[in-house]
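Chemist: from the sequence below, what's the structure:
(one chain, ligands or ions: 2)
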Amino acid sequence: MESILKKYFGYSCFRPYQKEVIEKIMEGRDSLVVMATGSGKSLCYQVPPLLVHKTAVVVSPLISLMQDQVMALKQRGIKAEYLGSTQTDPTVLTKSENGLFDLLFMTPERACSIPVSFWSKLLKAGICLFAVDEAHCISEWGHNFRVEYKQLDKLRGILLNVPFVGLTATATEKVRIDIVSSLKMKDPYVPIGSFDRKNLFYGVKRIDRGLPFIEELVQEILKFVGSGGSTIIYCTTIKDVDQIFKSLQDTGIKAGIYHGQMGSKAREESHRLFIRDEVPVMVATVAFGMGIDKPNIRQVIHYGCPKSLESYYQESGRCGRDGIASVCWLYYTRADFAKADFYCGESQNENHRRAIVESLMLAQQYCVLTTCRRKFLLEHFGETFSADKCGNCDNCMVSKRELDMSREAFLLMACILSCRGNWGLNMPIDILRGSRSKKILDAQFDKLPLHGLGKDKSSNWWKALANQLISNGYLVETIKDIYRTVSVSSKGEKYLCSASPDHQPPLVLPLTSEMVD
Ligand code: ADP
Ligand code: ZN
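Modeler: Ligands and ions are numbered 1, 2, ... in the order given. Okay, the predicted model is just below:
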């Protein structure tokens, strides 16, 4: 194994889990490899075919991605090819079924539609593994659900005794369970690597759209342009892509542009300019960058709240692949938080809609988080991060003025408890602010002793406090039907038990910008 690693890849030792996965594959065991972007998952399916001289079949979602991989492998002297609509060599199919390639890439559509006779022939020649790259595409809980991936289970009945290997950088348990059951994996080996990308700084800013923001953005980008690093700016809409692209051009910064409505020629050209460092900045929708392996991306900026933490972590994780310090900024506006319906519009399926709303809620919690962002992200992916501060995110680095907010926290929690967990944040805040809206009168909430006790603060102030209490675990948000509701956690209840209307134990929280505004 080590000599193959040295001979073909030039590396002298394996990274964590690579060797173990390869050994399991050689034993014929199914595996699901869950490791962060850039940790070296591909090697797990690249080495076995070189060891046993049988073909590794790799399913991958995008032709451009397969082309890049095939090219890189060929340069290392490995026999690799892909099957897809853009394949111009007519002999590839016959060569494939005769087992002449070490690695054979194909899209899921192709894998499911290819005749059984192809598989029978290739099985005779020898298949050492069937790999499904970006395996989270199989799951509706993943951030990139693709219907075609669901049909891969058909191949289980054809490729008897061939080990299946799923690979993904998305680590939530729901997604893992989905992958294992969709691919009908039997007793799979599931190594889960650490997701901590220590060299990445995480930060979030609330902004108002418009010129002042664009000017600030340009300053941020300029910091990196001189040092040879590049930047990706992800926008949520094509309109934003166009606007930012134009503003950058106006200030003389060379940028590439990339989104789904451009023709494939134009997209390829943009992609190439960026990869070859001919433009230092790429302004794009999330259509850009899946599988991109460019080492010197120093910065990923999100302009607009992403639709899930999974997609945020994957997109922001495209910087700093070389291990050098890099930054991930997320800029959001309050208006971003009203997008649930927009994303749900794509789906009729109730479960899928719930998944969308829940994912969006977590992404929004990340935006307004007041505690360590790395801890929040890692814990979302099921990893324990024992420290309270990482020292490399905005919340850990900026020391904020702190204040005792025990009275306000008490009022808000007590009010939420009085509403019995059936509402979002607006209702308890309206009650505290003494609103006499029809909803409040109908529910007789104006009779609550708390009604009107929080008039002195704006509703944005109360929302900012609620975000702090959510970040610190006193309140929890959940989805009921497809609506967000807020309730008091057991930690919050403990606090309430130790307090009374006249006396509350201290609860010191940082003063956020939302509270000062
Ligand atoms: P992933 O698929 O997990 O995002 P890749 O397989 O693309 O990651 O690997 C990321 C980078 O790490 C690649 O440039 C790859 O060549 C390199 N790499 C992989 N394994 C090793 C190793 N054992 N030693 C050194 N570099 C490695
Ligand atoms: Zn931190």
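
Chemist: which SS class is Cys12?
Modeler: Not quite, residue 12 is Ser, not Cys. Assigned by DSSP: H, G, I helix; E, B strand; the rest coil, the conformation of Ser12 is coil.

Chemist: can you list the residues of this structure near ligand 2?
Modeler: Counting by CB under 5 Å from the ion, the chain comes close to ligand 2 at 372, 374, 390, 393, 396. C-beta coordinates here come from the backbone N, C-alpha and C atoms, glycine included.

Chemist: from those, which two are the most distant?
Modeler: Greatest spatial distance among the residues of the chain next to ligand 2 (CB to CB): Arg374 and Cys396, at 7.9 Å.

Chemist: which neighbours do the two share?
Modeler: In terms of CB atoms under 8 Å, 6 or more residues apart in numbering, Arg374 and Cys396 are both contacted by the residues Cys390.

Chemist: for ligand 1, what is the nearest residue in the stretch 251-400 of the chain?
Modeler: Nearest to ligand 1 in the stretch 251-400 of the chain, going by CB to the nearest ligand atom, is Asp293, at a distance of 5.2 Å.

Chemist: what number of residues lie near that residue?
Modeler: A count of nearby residues for Asp293, using other CB atoms under 10 Å, gives 15.

Chemist: ok, now the one 10 residues further on?
Modeler: Burial of Tyr303 is recorded as 25 neighbouring residues (other CB under 10 Å).

Chemist: and what of Lys455?
Modeler: Residues lying near Lys455 (other CB under 10 Å) number 11.

Chemist: which SS state does it fall under?
Modeler: Three-state assignment for Lys455 (three-state DSSP): coil.

Chemist: which non-adjacent residue is nearest it?
Modeler: Spatially, and ignoring its direct neighbours in sequence, Lys455 is nearest to Gly434 (5.2 Å; CB to CB, 6 or more residues apart in numbering).

Chemist: which residues touch the one you found?
Modeler: Contact analysis of Gly434 by CB under 8 Å, 6+ apart lists 451-452, 454-455.

Chemist: quick check, pLDDT for the closest residue in space to Phe376 that isn't next to it in sequence.
Modeler: The spatially closest residue to Phe376, leaving aside those adjacent along the chain, is Leu369, at 5.6 Å (CB to CB, 6+ apart). The model reports Leu369 with a pLDDT of 93.

Chemist: spit out the contact partners of Leu369.
Modeler: Residues counted as contacts of Leu369 (CB under 8 Å, 6+ apart) are 204, 376, 395, 467, 471.

Chemist: contacts for the helix or strand that His302 is a member of, please.
Modeler: Here His302 is covered by strand 297-303, with elements defined by DSSP states H and E. With contact meaning CB under 8 Å, 6+ apart, strand 297-303 is reached by 217, 220-221, 224, 227, 229-236, 240, 244, 312, 315-316, 318-321, 324, 326-332.

Chemist: again, but for stretch 68-81
Modeler: Stretch 68-81 has contacts (CB under 8 Å, 6+ apart) with 8-9, 42, 46, 50, 60, 82, 87, 89, 92, 95-96, 100-105, 291, 293.

Chemist: quickly list what the nearest residue to Asp242 once chain neighbours are set aside is bridged to.
Modeler: The shortest distance from Asp242 to any residue other than its chain neighbours is 7.7 Å, reached at Ile257 (CB to CB, 6+ apart). Counting by DSSP bridges, Ile257 is bridged to Val283.
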